[in-house]
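J.: Fold the following, please.
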Amino acid sequence: MPEPDQRIHENGSPDRLAIDTIRTLAMDAVQKANSGHPGTPMALAPVVHTLWSRFLRYDPAAPDWPNRDRFVLSVGHASMLLYAVLHLAGVREIDADGQPTGHPAVSLDDIKQFRQLSSKTPGHPEYRMTTGVETTTGPLGQGCGNSVGMALAERALAARYNRDGFDLFDHDVYVLCGDGDMMEGVSGEAASIAGHLKLSNLCWIYDSNHISIEGSTDLAFDEDVGQRFQAYGWNVLHVDDANDTEALAEAIATFRATSDAPTFIMVHSVIGWGSPRAGSEKAHGEALGEDNVRATKKAYGWPEDAQFLVPEGVAERFGAAVADRGKPAREAWEALFARYRAAFPQEAAEIDELRRGKLHSGWQQAIPSFEADAKGLASRDSSGKVINAVAPHLPALLGGAADLSPSTKTDIKGATSFEATNYGGKNLHFGVREHAMGSVANGMALSYLRPYTATFLVFADYMRAPIRLAAIMELPVVFVFTHDSIGVGEDGPTHQPIEHLATLRAIPGLDTIRPGDANEVAVAWKVALEHSHEPTALILSRQAIPTLDRSKYASADGLERGGYVLADAEGGAPEVILIGTGSELPMVVDAHERLTADGIRSRVVSLPSWYLFEKQDRAYRESVLPPAITARLAVEQAGSFGWDRYVTSDGGTITMSTFGASAPLAKLQEKYGFTVDNIVQMARELMEKAK
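T.: Numbering: from 1, shown residues only. This next block holds a predicted model:
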């Protein structure tokens with residue numbers, strides 16, 4: 001192998017010219033912004049150029065073609081690598097409805113605005129902002145997890161829709177990941193799932209450069225990653241030099257020929273290749289500096305003073321290399337789909353709906369209603385009944401739990417499990433891998449499916465990153481959380497969520513719903529599935545909740561507005577407002593009835609979704625919570641954080657200010673004040689205070 005310094009200078013080949021164009025665009029963009037990560041794009045330009053120009057089935061003129069190969073940049077800090085490729089490939093921009101805008105996805109001017117306000121080239125790739133970005137990446141490991149969901153979705157779609165002679169779905173998913181991804185636990189969880197499922201359409205290309213922000217990875221990371229992935233059941237290949245494009249091409253060809261396992265290609269690179277900072281952490285997360293940029297360009301044989309240079313013919317050749325393979329493949333697929341439509345009109349119509357992000361029509365009529373019942377159901381049980389009622393009508397709906405479906409009640413009865421031997425199963429088994437479960441679900445949602453996940457609320461901490469990213473990407477994933485309070489009793493404080501509702505409610509764009517009886521659960525699922533640009537967290541109880549008599553109290557349809565007057569005062573304006581959610585709602589209703597019997601004008605407000613309530617206009621919100629009525633009491637078996645916006649400084653809460661304890665539920669409710677007697681007493685005290 002030639003010495004590195006003998007390979008740095010441009011050798012005059014068209015491929016090398018394109019590779020160095022990617023490198024120098026990254027250098028210049030980071031330098032102009034004085035912010036970013038130049039080293040990885042410089043090192044991996046040969047890898048991405050080879051993948052896109054020789055293998056990726058992708059049509060730049062139709063970047064939303066359903067059977068395109070997916071490219072995921074899990075090393076999101078190397079975003080300039082993706083932006084440069086999107087620019088050189090000539091990818092065309094499409095709007096939110098999939099219609100062409102007539103503009104490039106990433107223009108040279110966009111690259112010059114790298115990391116600037118409102119640009120299409122933010123510091124990390126953002127889904128929905130830039131055409132060609134398949135998922136929002138940046139938090140390391142998330143792109144890896146998303147890719148497993150994308151590969152899983154392809155297998156699920158193929159199992160449902162492919163027919164003999166009609167292979168509509170057979171695309172591959174490629175991921176560029178790095179040392180940081182490998183250190184994050186989510187990538188290990190996701191890789192373990194992928195290996196178990198034998199997702200042979202999945203290829204991770206691992207940039208092993210042994211550099212992290214603090215210095216050499218030897219400071220904290222010296223395991224044999226290849227052996228780890230072999231243990232996961234992956235086919236592991238090695239490329240000793242990132243600049244060896246033929247070795248990389250051979251490895252990708254091997255992946256394409258592999259049918260029984262996902263593929264892990266270990267590529268050894270030098271970060272900041274060709275620069276004075278090559279091989280140093282200084283090339284990772286900061287601009288190289290003007291002098292180093294000039295020195296690097298000189299080493300490449302590049303004009304030292306040229307900035308944002310795209311030599312004549314480079315974009316044309318690279319774009320043609322991608323399009324000449326992708327366009328015929330896309331056109332052939334469209335012709336195949338036209339024949340498929342004639343042969344299988346119902347299935348084709350379903351695919352049309354999936355592409356538009358729509359659910360199969362008629363499912364709402366399948367949602368059950370529940371008769372009044374003093375004993376009632378745990379909301380996890382009523383949720384399970386709703387899932388099983390609507391699932392047969394929703395081909396895109398599939399999901400599962402982190403080894404907890406018997407407890408979360410999220411299995412679809414009569415449906416098979418999604419396994420390596422049955423990609424047509426509807427029940428997913430994520431194992432005890434909450435973090436990966438969330439990121440895999442996001443990948444599924446990015447690939448036309450409507451996934452749901454399930455675990456106990458206290459374990460929401462293990463999957464906060466993918467929940468947050470689902471909100472950022474506006475993905476309609478349903479995150480089911482059961483065992484929502486101190487109602488888990490004897491399991492003790494480690495399993496009794498206290499702060500979790502507040503932390504979920506704090507995520508912008510996440511609809512956190514805590515329904516108060518079985519009929520509110522039914523409406524909550526309706527809302528969640530009708531969301532097209534919001535994820536939903538459904539917060540459900542372990543213990544039974546009475547099913548309220550809706551002939552006496554307001555319809556549960558009020559949940560669609562987030563909060564509503566469930567029971568009102570008779571004979572005038574209320575003197576006190578009682579606010580409840582979840583399993584505490586019927587308890588609040590009982591307190592209201594006692595106050596009413598004592599001649600006190602009481603109002604009960606059910607407030608299961610703060611997110612939806614805040615979307616209502618001011619007039620509606622004030623009709624539910626009139627400003628003049630300051631005697632307000634909120635009751636919830638969780639922390640008080642955030643309730644001040646609804647009870648105000650003159651109101652009060654019966655909430656948790658400590659962690660819980662291990663004891664039967666009745667004892668815990670008495671200890672922490674969740675009794676009808678205490679609600680009535682505090683309501684009276686607040687009324688006195690308000691006089």
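J.: going forward, measure contacts and count neighbours with C-alpha atoms only.
T.: Will do.
J.: Show the low-confidence segments of this structure, by residue range.
T.: 1-6 (pLDDT under 70).
J.: For the residue lying closest to I513 once chain neighbours are set aside, list the residues it contacts.
T.: Distance criterion Cα to Cα, 6 or more residues apart in numbering; nearest residue to I513, sequence neighbours excluded, is S609 at 4.6 Å. Taking Cα atoms under 8 Å, 6 or more residues apart in numbering as the definition of contact, the neighbours of S609 are D511, T512, I513, R514, L559, G562, G563.
J.: can you list those in CSV and add neighbour count and distance to A631?
T.: Written out in CSV, the entries for those read as follows (neighbours: other Cα atoms under 10 Å; distance: Cα to Cα, whole Å):
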residue, neighbour count, distance to A631
D511, 26, 27
T512, 27, 26
I513, 31, 25
R514, 29, 23
L559, 28, 23
G562, 24, 21
G563, 28, 18
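J.: Output these as a markdown table; include the columns distance to E316 and secondary structure.
T.: Putting the contacts of S609 into a markdown table (distance: Cα to Cα, whole Å; DSSP: H, G, I helix; E, B strand; the rest coil) gives the following:
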| residue | distance to E316 | secondary structure |
| --- | --- | --- |
| D511 | 45 | strand |
| T512 | 48 | strand |
| I513 | 51 | strand |
| R514 | 55 | coil |
| L559 | 55 | helix |
| G562 | 53 | coil |
| G563 | 57 | coil |
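J.: Same list (those) but as a markdown table, adding distance to I213.
T.: Converted to a markdown table, the contacts of S609 look like this (distance: Cα to Cα, whole Å):
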| residue | distance to I213 |
| --- | --- |
| D511 | 36 |
| T512 | 36 |
| I513 | 40 |
| R514 | 41 |
| L559 | 48 |
| G562 | 44 |
| G563 | 47 |
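J.: And the helix or strand harbouring G143, what's buried?
T.: If you go by DSSP states H and E, G143 is part of helix 142-161. When burial is assessed from 16 or more other Cα atoms under 10 Å, helix 142-161 yields the following buried residues: 142-161.
J.: Then stretch 107-127?
T.: Neighbour-count burial for stretch 107-127, with 16+ other Cα under 10 Å as criterion, is recorded at 107-108, 110-115, 119-127.
J.: Endpoint to endpoint, it covers what distance?
T.: Between the start and the finish of stretch 107-127 there is a gap of 17 Å, counting by Cα to Cα, to the nearest Å.
J.: And for it, what's in contact with it?
T.: Identification of contacts with stretch 107-127 by Cα under 8 Å, 6+ apart yields 25, 29-30, 32-33, 35-36, 76-80, 83-84, 87, 106, 129-130, 133-138, 308, 473.
J.: give me that answer again for 6 Å
T.: Counting by Cα atoms under 6 Å, 6 or more residues apart in numbering, the neighbours of stretch 107-127 from elsewhere in the structure are A29, G76, H77, S79, H87, T130, V133, T135, T136, T137, G138, M473.
J.: Could you do stretch 179-192 as well?
T.: If you take Cα under 6 Å, 6+ apart as the criterion, stretch 179-192 is touched by L140, G141, C144, G145, Y232, H435, A436.
J.: quick one: what helix or strand has V680 in it?
T.: Using DSSP H and E, the element containing V680 is helix 676-690.
J.: nope, R603 is what I was after
T.: Using DSSP H and E, R603 falls within strand 602-606.
J.: May I see the buried residues of the very next helix or strand once past that strand?
T.: Going down the chain from strand 602-606, the next helix or strand is helix 610-615, by DSSP H and E. Of all the residues in helix 610-615, those buried under the rule 16+ other Cα under 10 Å are W610, Y611, L612, F613.
J.: The last one: what's it in contact with?
T.: Looking back up the chat, that one is F613. R561, G562, G563.
J.: Then the first one?
T.: W610 makes contact with G562 under the criterion Cα under 6 Å, 6+ apart.
J.: Now intersect the buried residues of stretch 107-127 with the helices, please.
T.: Counted as lying in helices by DSSP state H, out of these, are L108, D110, I111, K112.
J.: For P125, see how far away the third one is.
T.: Right, I111. Separation of I111 from P125 (Cα to Cα): 13 Å.
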